[in-house]
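Asks: Show me how the following folds:
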Amino acid sequence: MERLCDVRAERLVITCGPCDRRGVYRIDGLRQRFGDHASVLDVYLRLTQTCRYQREVGSRQPNVYSVGCRAKLDTTGTAAKGGLPSRT
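Replies: Model (predicted):
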């Protein structure tokens, strides 16, 4: 699953334990907002950028006593009908 057009579910769910946040996003809404062929990683980073534990990509990892963003990505719902073919 590299691009939004590869996702065969109705919703994308992002949960983060340290900040106790949860977001449920409809795939068709994400496709309208970011484009059909947007990278799932880019969408994930944009949706989790307000987490206070998020760090810049490539920055040093937190030590064992620091808290880092632990947002997890999951899908729910049945396979969406009429999915788009990936360009990759």
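
Asks: low-scoring pLDDT stretches of this structure, where are they?
Replies: The model of the chain has pLDDT under 70 over residues 1, 52-70, 78-88.

Asks: now the strands: where do they sit in it?
Replies: In the chain, the strands defined using DSSP state E lie at 11-16, 21-26, 72-76.

Asks: Identify the residues contacting residue 35.
Replies: Each residue near residue 35 by CB atoms under 8 Å, 6 or more residues apart in numbering is listed here: residue 4. All C-beta atoms are positioned from the backbone trio N, CA, C, and that covers glycine.

Asks: how close does it get to residue 48?
Replies: The gap separating residue 35 from residue 48 is 19 Å, by CB to CB, to the nearest Å.

Asks: Pipe the strands of the chain into TSV and attach mean neighbour count per row.
Replies: Formatted as TSV, the strands of the chain follow (neighbours: other CB atoms under 10 Å):
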stretch	mean neighbour count
strand 11-16	18
strand 21-26	13
strand 72-76	12
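
Asks: What sits closest to residue 34 if chain neighbours are left out?
Replies: Leaving aside its sequence neighbours, residue 34 sits nearest to residue 43 (CB to CB, 6 or more residues apart in numbering; 5.4 Å).
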